[in-house]
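J.: Sequence and predicted structure are below.
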Amino acid sequence: MRGLRWRLILNGKSTGNQEVREAVHALREQGVTLEVRVTWEDGDAERYVAEAIEHGVDTIIAAGGDGTLSEVAETLAHRDETADALPSLGLVPLGTANDFATAAGIPDEPLQALQMILAQAARPLDLLRIDAEGDLWWCANVASGGFGTEVTVETDEGLKKVLGGLAYLVTGISRLGRIEPIRARLRTPDFSWEGGFIALGIGNGRQAGGGQVLCPEALVDDGLLDVTVIPELSGEVASTLAALVRGGKQGALEQVAERTRAPWVEIDADEPMTLNLDGEPVKARRFRIDCVASRLRMHLPLDSALLA
């Protein structure tokens, strides 16, 4: 334990979190050399990751929500070093929704999350690499599109602070009368689909947008993407809502969802569409998403549902 060097990259919105301060102090008392860096603007995570690697840090910990996790993961992923040569990755969930942490079973409390990182060896972690008409992006959790993506993008930051994940539901309800399907074609090595969809999930993780479980069986270490398409719904909105109430949201979606698992997927939409990459909206007509197997190493609970 002594001799470990950690670097915690903290989302600037959480600088006043007393539990994080106490957790950092507790780990230092246990002999971990743990330094904190705070992100305030674009490019901070990139600088802090480069600095940590230069300083020989063993583990880089993203302290924030899904966006902070993906930002740190992306800055590690596009470097030239192999996964074994890079610092391992940890997560202290401090965001509004914490979709990746929830699905992975990472503790909510900062001290428990840090203790888990200390106790569990890092495991291989796949990442999504997204080519949006020549622009390259990385994503650790879920690339989502359609109605849920519009809800996530449109949800007010102030509403998130007050209501947490419930904010996405409130925003979603306000949009129910104006769900416009997105017309697109999807292709994988052995699957093709064409039509209008209201929701799309391409998962390394399982859920996005404050608890929408789009890829219920996704694993982060199987080298494959879990692809879920929810086609446009026929009939009146009222009957759709009745199905949601009777079977629960997930039960209703299961009846209409198209699913496959593949190492890559290509999307060709009739009009520019938005993919939400863990809070980062990217707009294009054509996307190529690849699963880059074992790109990083991450500390996860031994019994995490996301591990094969």
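T.: Cool, got the structure.
J.: okay, CA-based contacts and neighbour counts for the rest of this
T.: Will do.
J.: For this protein, just list every one of the helices.
T.: Assigned by DSSP state H, the chain shows helices spanning 18-29, 44-54, 66-77, 99-104, 110-119, 147-154, 157-163, 166-175, 237-256.
J.: Low-confidence bits of the stretch 201-308 of the chain, can you list those?
T.: Where the stretch 201-308 of the chain drops to pLDDT under 70, the residues are 233-255.
J.: what's next to stretch 109-120, contact-wise?
T.: For stretch 109-120, contacts defined as C-alpha atoms under 8 Å, 6 or more residues apart in numbering pick out 1, 19-20, 22-24, 26-27, 90-93, 106-107, 299-302.
J.: hmm, 7 Å instead?
T.: Contacts to stretch 109-120, defined as C-alpha atoms under 7 Å, 6 or more residues apart in numbering, come from residues Glu19, Val20, Ala23, Gly90, Val92, Ile106, Pro107, His299, Leu300, Pro301, Leu302.
J.: now the second one, nearest residue through space, not along the chain?
T.: Counting by C-alpha to C-alpha, 6 or more residues apart in numbering, Pro110 is the residue found nearest to Val20 once chain neighbours are left out, at 5.7 Å.
J.: Distance of that neighbour relative to Leu94?
T.: Distance, Pro110 to Leu94, by C-alpha to C-alpha, to the nearest Å: 8 Å.
J.: Let me see the contact set for Ile61.
T.: Each residue near Ile61 by C-alpha under 7 Å, 6+ apart is listed here: Arg7, Leu8, Ile9, Leu89, Gly90, Leu91, Val92.
J.: Okay, and which of the residues you listed map to strands?
T.: Taking DSSP state E, the ones among the contacts of Ile61 that sit in strands are Arg7, Leu8, Ile9, Leu89, Gly90, Leu91, Val92.
J.: Now pLDDT and distance to Gly279 too, for those, in TSV please.
T.: Compiled in TSV, those are given as follows (pLDDT from 0 to 100; distance: C-alpha to C-alpha, whole Å):
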residue	pLDDT	distance to Gly279
Arg7	98	23
Leu8	98	21
Ile9	97	18
Leu89	98	19
Gly90	98	19
Leu91	98	16
Val92	97	17
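J.: Neighbour count for the residues you listed - can I get that in JSON lines?
T.: As requested, the ones in strands among the contacts of Ile61 are arranged in JSON lines below (neighbours: other C-alpha atoms under 10 Å):
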{"residue": "Arg7", "neighbour count": "25"}
{"residue": "Leu8", "neighbour count": "23"}
{"residue": "Ile9", "neighbour count": "25"}
{"residue": "Leu89", "neighbour count": "26"}
{"residue": "Gly90", "neighbour count": "28"}
{"residue": "Leu91", "neighbour count": "29"}
{"residue": "Val92", "neighbour count": "29"}
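J.: Name the nearest of these relative to Ala132.
T.: Leu89 (25.7 Å; C-alpha to C-alpha).
J.: who touches Glu54 in this structure?
T.: By C-alpha under 7 Å, 6+ apart, the contact set of Glu54 is empty.
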